[in-house]
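Asker: following is a predicted model, sequence given first.
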2 protein chains.
Amino acid sequence: MIVTVTLNAALDVTYRVDALAPGATHRVTDVRTRPGGKGVNVAAVLTQLGEPVTSTGFAGPELGARLPGFVPIAAESRRTVTVVAHEATVFTEPGPLIGDGEWRALLTRFDRLAAQARVVVLSGSLPPGLPDEAYARLIERCPVPVVLDTDGTALRHGITAGPALVKPNVDELTRLLGRKPDLPADCVSLGVPVAATLGAQGAVLATPDGVWRARPPAAVVGNPTGAGDAFTAALARGVAQQRPWPEVLADAVALSAAAVLSPVAGVYDAAAYQEFAGQVRVEEG
Amino acid sequence: MIVTVTLNAALDVTYRVDALAPGATHRVTDVRTRPGGKGVNVAAVLTQLGEPVTSTGFAGPELGARLPGFVPIAAESRRTVTVVAHEATVFTEPGPLIGDGEWRALLTRFDRLAAQARVVVLSGSLPPGLPDEAYARLIERCPVPVVLDTDGTALRHGITAGPALVKPNVDELTRLLGRKPDLPADCVSLGVPVAATLGAQGAVLATPDGVWRARPPAAVVGNPTGAGDAFTAALARGVAQQRPWPEVLADAVALSAAAVLSPVAGVYDAAAYQEFAGQVRVEEG
């Protein structure tokens, strides 16, 4: 079983409007809501892959009704509102304030799930009220390998606790280093295995066993939201199955490209994934 | 007591962002929520005026926790999202679907409240599931005068039931007539007393007893949202107190102008209202 943890889960709301005009009043023609947050999307991809997965994190009253495995919190979880016209415009609320007792309840839930897991995935930002070291605390107490996908100080502290793999994109690496990254050298220098996503240029994987690069098999155009979460899902499955690193990287690049072709985060285009799976070329060094 | 009815009440959410850029992702720096909808705002203004008021309508689970006098419904009430940057951009969700049993529960609640009221105010749009004649049904069974502020077919049907007063703005009159209104002739032709708001030009009141015009005492600049609801609140109080029509009109124009100076719908600038109250000139004919 793979466990995904989403400490700052969200209710993702999508509004469809005819056109977005700043300063105007818009009648929303269609409203869709779904549970969101990176770890929730990773779990959805793993489920589509047929992998047993359990998802946890924090959820306020409204979101909790749709995420029963999550630790209930008093405050409402944040919403993200995506206004879809010709383009998608996104508004992300700040997260809910987490109390000390809620954090302790999460640790208890985490310990119970991690004891049954082969891999744990920690994804996304930390809500207010948690220490910057929250991911480091989870990694330290986790008996199985951890894949970490976060940003900023949460990433910086998490790396010190020795996760099995971290998955930054170029923006996150830039913020971590305080400058434009030099790849793969900067990945190697982090001291933990790093799978860095480079958008259309594919990905770099730097581990003590070697460094590999892979490019997507085709220039895919579509919805980049959720491509990183599909990438993380493939990494987690590969680590759980103890597959060789180059195979894990190739699979993650193929699945991520197939996710770009899906309009919904947490879902990949299964036919495209099957097609891409044999086509990703991995180069060493 | 004045009773206000808001069949399509909303949770009004305000997002503050640094700047609105279509196609971009925005971190919301501040989230505010308050119960909204025209009748809710009218009740707030009446409360600020010191008038006893009871507010009812439909409210879903989340909104109902903040509007205890409302009839509970299974669906969540709609939200409005106002994104405030340099200007305010508004997104209004469609209303919740109302079931037959919920409509019957509203009628029961309405009859009990209307029996104790001096005036009833019916405000805003009808949510899905209600008949177009919903306001007409409420007016027919109401033992006291009704002030009606709505739009489209709900307004058309409501007028046939003989409300004490209707309060369209110019856009609503244009939709009702199918052309630009000729004032005050078109108000007289509706066959019921009409108080039509004309924005910065003030208002026209057409009744069987006479026709009057009034202009605001000063060119007020600010937040026009809620000015119409303050106007309606003053009309309802005037009808309840059986004050002469020209006095009612003057008071409504003064209160509406004082509401423009307040940043929040449902609140007026009390000092400005006191100043404006003696300054509105009413002309007959």
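Answerer: Alright, I've got the coordinates.

Asker: can you pull out the low-pLDDT segments for the stretch 1-150 of chain A?
Answerer: By pLDDT under 70, the stretch 1-150 of chain A has no low-scoring segment.

Asker: the closest residue to A:Thr4 other than its chain neighbours: what secondary structure?
Answerer: Taking C-beta to C-beta, 6 or more residues apart in numbering or on different chains, and ignoring the residues beside it in sequence, A:Thr4 has A:Gly39 as its nearest neighbour in space, at 4.0 Å. Using the backbone N, CA and C atoms, a C-beta is placed for each residue, glycine as well. Classification of A:Gly39 using DSSP: H, G, I helix; E, B strand; the rest coil returns helix.

Asker: show me the contacts for A:Gly39.
Answerer: Residues counted as contacts of A:Gly39 (C-beta atoms under 8 Å, 6 or more residues apart in numbering or on different chains) are A:Thr4, A:Val5, A:Thr6, A:Ala9, A:Ser55, A:Gly57, A:Val121, A:Leu122, A:Ser123, A:Gly124.

Asker: ok, now how distant is A:Ala206 from chain B?
Answerer: Relative to chain B, A:Ala206 is positioned 28 Å away (C-beta to the nearest C-beta, to the nearest Å).

Asker: ok, residues contacting the host helix or strand of that residue?
Answerer: Using DSSP states H and E, A:Ala206 sits within strand A:203-207. Residues from elsewhere that reach strand A:203-207 (C-beta under 8 Å, 6+ apart): A:183-184, A:187-188, A:190, A:193-198, A:211-214, A:231, A:245-246, A:248-249, A:252-253, A:256.

Asker: stretch A:272-280 too?
Answerer: With C-beta under 8 Å, 6+ apart as the test, stretch A:272-280 has contacts from A:214-218, A:220, A:250-251, A:253-255, A:257-258, A:261.

Asker: that older thread, for the next helix or strand after the strand holding A:Ala206, name the packing helices and strands.
Answerer: Tracing the chain past strand A:203-207, the next element assigned as helix or strand by DSSP H and E is strand A:210-214. Under the contact criterion of 3 or more C-beta pairs under 8 Å, 6 or more residues apart in numbering or on different chains; DSSP states H and E, the helices and strands touching strand A:210-214 comprise strand A:203-207, helix A:245-260, strand A:282-284.

Asker: next, the angle from the helix or strand just after strand A:210-214 to strand A:203-207.
Answerer: Per DSSP H and E, the first helix or strand lying C-terminal to strand A:210-214 is helix A:227-240. Angle of helix A:227-240 versus strand A:203-207, following axes from the mean of the first three to the mean of the last three C-alpha atoms, to 10 degrees, is 30 degrees.

Asker: who are the packing partners of helix A:227-240?
Answerer: Judged by 3+ C-beta pairs under 8 Å, 6+ apart, the packing partners of helix A:227-240 are strand A:2-6, helix A:38-48, strand A:119-123, strand A:146-149, strand A:194-197, helix A:245-260.

Asker: next, the angle from the first one to strand A:119-123.
Answerer: This points to strand A:2-6. Computed by the same axes, to 10 degrees, the angle between strand A:2-6 and strand A:119-123 is 20 degrees.

Asker: strand partners of strand A:2-6, parallel vs antiparallel please.
Answerer: strand A:53-59 (parallel), strand A:119-123 (parallel) (DSSP bridges).
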